[in-house]
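In: have a look at this prediction, sequence included:
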Amino acid sequence: MKVSGILYHLELEDSKVILYLRSGERRIIAEAEMRPYFYVIDGKIEELKGFKAREKGRELRVMEWERVKRLVDGVEKEVWKVYCNHLDCAKLIERKFPTMNIRGARSDPLQVFLIEKGLEPLCRVEIFGEPVGERIRVKEIRKVGEGSLDELKILYFTLLVKSEDGFPIPEKQSISIICCLSDEMKCFSSDDDREAIRKFIEYFQEEDPDVIIGYAQDSEDFPYLLRRAKLQGIDLKLGVLGREIIETGKYFRGMIIKEVIIPGRANIDLFPIIYRDFPQLPTKRIGEVCEELGVGEFVDIPNYKLKELSSKDLEEYAKQKIMAIKKVAEKELGFQIELSKLCSLPISRVPRLTIGELVDALIFKEAMLRGWILPDRGAIEVEEGYYAGGEVWLKAPGIYENVGYYDIRSMYPSIIKLYNLSPEVFDCKCCSEKNLRELGIKHWTCSKRKGLLAQIVEELIEMRRKVKEEMKRAKGEEYEVLYAKQYVLRVIANAIYGYTGWSSSRLYKKDLAETITAIGRIYIKKIRELVEKLGFEAIYLDTDGIQVIPRRSPDFQGLLLKLNKEISLEVELKHVARRAIFFAKKKYCHLVDGKLEAKGLELVRRDYPKFIKEVQKKAMEMLLSGKSYAEVKNYVDRARKLIEEHKLKKEELVLVEQLAKKIEMYERSSKIKVCAEWLKKEKGIELHRGMSVEIIIIKGTGPVNYRARPVQFFSEEDLDWEYYLGLFDQVMERSLAIAREEGLKRFFK
DNA sequence: TATAGGCATACGATTCGGGGCTG
DNA sequence: AAGCCCCGAATCGTATGCCT
């Protein structure tokens, strides 16, 4: 028989791949046999032939083996391809035979499946096969077209719990409301949450969605729901065909990050996406995300304030929250879909992967398509020590006018492409010409073969060029898709240099990474020389950017043309700032089209009190728009009085820090560490890595950091106003010092 | 089990040196 | 005179979050 549908989800079941397809009102479940395999390079495999073992009640054995030709790190070789009955068999063999040169035992089988079959996540597929029970056993599968989220059944999900301090405990607090949105909005609540949970499950099973979208549902909503359901004696059978949801976790920077698997459905948590792709957002609350993405306003109510809402208001808030989740999803999921297509990974996997893992997946895919076998991740020995990165230089702190900001477009990818940089052709044995010597670099690149990395980067750049070309003619939804495509191509291309310097990457080579940055330094310094020759003065460099002021005529476009004539990388003019203040390297602000653009100043950092940042922002705006030092000083002094006279609300003095690692890993007491310890000791609340806390400093004796506390448990009377006054003075002194000196300079001139 | 390095800033912890007291 | 304590300045190292 033949069926077709949108491939929206894949799962692994022993050595089978389970495929979930949506076809109109129907869901198709198919199973495809796969033969897990690994490679043995330069070795005898006698001891593997007939290998058998038992593990967790399963028999693991080697099934077949064959001699195949592959490119091992770019060199064609005959290697053994060894097939086994189960994935765990490959991993077991790798552990049992540490001296054997094994590769590919830990590859992602779903990714391998997608690549081998030429499938894309969310594409339309056609399956030929035989029905076996509720499934179809796949004989042949192929991609026959494109698909999109619109053709799937999506369910948005969130829940709210009222609690004293915003950290509810399942044993004590019942769920206040569960809210779902598919075709229509549904809310479930009851005095005790038993009825609500029951009704929710009933509704969920009735809706039978393909995709579940929430915000932090993996770390918060589902685990809480699971605990509550258990306490109420209810099974949480939210999977397809009544299968239970599974709690699992991923090890990430010394911590287990909770993950939830809902069999048969693509469970997409937006929070880790925001965590990964928007590190600059301090609190990562949905309202903040909505603002960043420009998808309308949503006013977050902190968990600890939910208790003040009536049940009617709570329901209204839940509905608004779920609409906000939907808007964020609609804006953001396009990128995740394109990432999953580019890297051949199931859509539900992509949100949880780091940028490094995504790049790795792409490299693996591209290598596989070319018949390459690369080292496994973490297999290359790490070289000691650091290497030099980007050039950073500031002529002198001060106020400048007419500042042109130029940068080299996609500098590192362009360098990789231009100089054919890739580990297997770097310092090759076949070339005698040291072709990087002219740049003063002692390494060289191959002039006979094109390197894998350079090939991949070139393809990414070329693909992006084509997509941007198509964008010119596209409109509406098509445009959005193309925009997402070019965006992920840029993000991945830009991360590739970092990947070469990542010690556990498949293409790790310190000298190569260092050569990339060294060439970058040479180019930006070369541009500085040119600029100086062409009637401009360079005032600031950072990696691929240079900022200049005119000596005579401010012909910035003319300079751009001249630079591009001389330089083999592409130079762009980002903007010309009317005025600019430079405080230090990586600390400056521009006035562009009447707007303040601040880089690295306290006002862009989350770990400074809100009030201080606001005053600094206003002061910078005044200085940039030409107000005198005296005027600004006057404003700042008036603001200072508000602290002196204790006239601020605690919320205005809040700063935010993020728990960077496990508490035990700390050698020193930072504010966030003290808060995490305090929360655990006083409130029984455990913070996990990556969580942010809104912090205030309370009065008392001892070091400042030891007096950091979460804001919600204290009031204005508890604040250490002296501390805030001291910090205010420190920041304002720094911020105004330059203006004061400039003012004096003018005075004496 | 983490894409890279470069940088400013805060602050606790430690070291150092001077002043003054003691026995 | 030597030894010790106290205190502040200087220095060191950790931590955070930013920039490209």
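Out: That came in fine, so what should we check first?
In: per the annotation, how does chain A divide into domains?
Out: Domain segmentation of chain A under automatic domain parsing yields A:2-146, A:153-348, A:368-584, A:601-646+A:726-748, A:650-718.
In: among the ones you listed, which comes closest to residue A:595?
Out: domain A:601-646+A:726-748 (9.0 Å; Cβ to Cβ). Backbone N, C-alpha and C define where each C-beta goes, glycine included.
In: buried stuff in stretch A:547-567?
Out: Going by neighbour count (16 or more other Cβ atoms under 10 Å), the buried part of stretch A:547-567 is A:547, A:548, A:549, A:550, A:554, A:556, A:559, A:562, A:563.
In: and it, average pLDDT?
Out: Averaged across stretch A:547-567, pLDDT comes to 96.
In: end to end, how far does it reach?
Out: Stretch A:547-567 has an end-to-end distance of 17 Å (Cα to Cα, to the nearest Å).
In: what about that stretch, near DNA strand B?
Out: No. Between stretch A:547-567 and DNA strand B, judged by Cβ under 7 Å from any atom of the strand, nothing touches; the nearest distance is 14.9 Å.
In: outside of that stretch, which residues touch it?
Out: A:400-406, A:408, A:523, A:526-527, A:530-531, A:534-541, A:570-573, A:576, A:580 (Cβ atoms under 8 Å, 6 or more residues apart in numbering).
In: are any of those residues buried, and which?
Out: A:400, A:403-406, A:408, A:523, A:527, A:530-531, A:534-536, A:538-541, A:571, A:576, A:580.
In: give me the subset of these lying in helices.
Out: A:523, A:527, A:530, A:531 (DSSP state H).
In: any chance of the buried residues of stretch A:547-567 in TSV, plus secondary structure?
Out: Shown next, in TSV, are the buried residues of stretch A:547-567 (DSSP: H, G, I helix; E, B strand; the rest coil):
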residue	secondary structure
A:547	strand
A:548	strand
A:549	strand
A:550	strand
A:554	coil
A:556	helix
A:559	helix
A:562	helix
A:563	helix
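In: which one of those is nearest DNA strand B?
Out: residue A:547 (14.9 Å; Cβ to the nearest atom of the strand).
In: the residue nearest to the closest one when sequence neighbours are not counted and residue A:563, how far apart?
Out: Leaving out its chain neighbours, the residue that sits closest to residue A:547 by Cβ to Cβ, 6 or more residues apart in numbering is residue A:540, at 4.2 Å. Using Cβ to Cβ, to the nearest Å, residue A:540 is found at 16 Å from residue A:563.
In: same thing with residue A:696?
Out: Counting by Cβ to Cβ, the gap from residue A:696 to residue A:563 is 49 Å.
In: most centrally placed residue in chain A?
Out: The residue lying closest to the centre of chain A (Cα atoms, centre = their mean) is residue A:276, at 2.4 Å.
In: my guess is that residue contacts residue A:354, does it?
Out: Yes. Between residue A:276 and residue A:354 there is a contact at 6.5 Å, judged by Cβ atoms under 8 Å.
In: low-confidence ranges, chain A, go.
Out: Residues of chain A that meet the criterion pLDDT under 70 lie in A:251-256, A:744-749.
In: ok, how many other residues are close to the residue of it found nearest DNA strand B?
Out: With Cβ to the nearest atom of the strand, the shortest gap between chain A and DNA strand B falls at residue A:498, namely 1.5 Å. When neighbours are counted by other Cβ atoms under 10 Å, residue A:498 registers 15.
In: can you give me the buried ones in the helix or strand hosting it?
Out: Here residue A:498 is covered by helix A:476-500, with elements defined by DSSP states H and E. Neighbour counts over helix A:476-500 (16+ other Cβ under 10 Å) mark A:481-497, A:499-500 as buried.
In: so what does the helix or strand that residue A:95 is a member of touch, helix or strand wise?
Out: In the assignment (DSSP H and E), residue A:95 maps to helix A:87-96. Helix A:87-96 sits against strand A:37-40, strand A:52-55, strand A:58-72, strand A:75-84, with contacts defined as 3 or more Cβ pairs under 8 Å, 6 or more residues apart in numbering; DSSP states H and E.
In: who wins for proximity to DNA strand C among those strands?
Out: Nearest to DNA strand C, of all the helices and strands packed on helix A:87-96, is strand A:58-72, at 32.8 Å by Cβ to the nearest atom of the strand.
In: give the other helices and strands that that closest one contacts.
Out: Counting by 3+ Cβ pairs under 8 Å, 6+ apart, strand A:58-72 packs on strand A:52-55, strand A:75-84, helix A:87-96, strand A:372-373.
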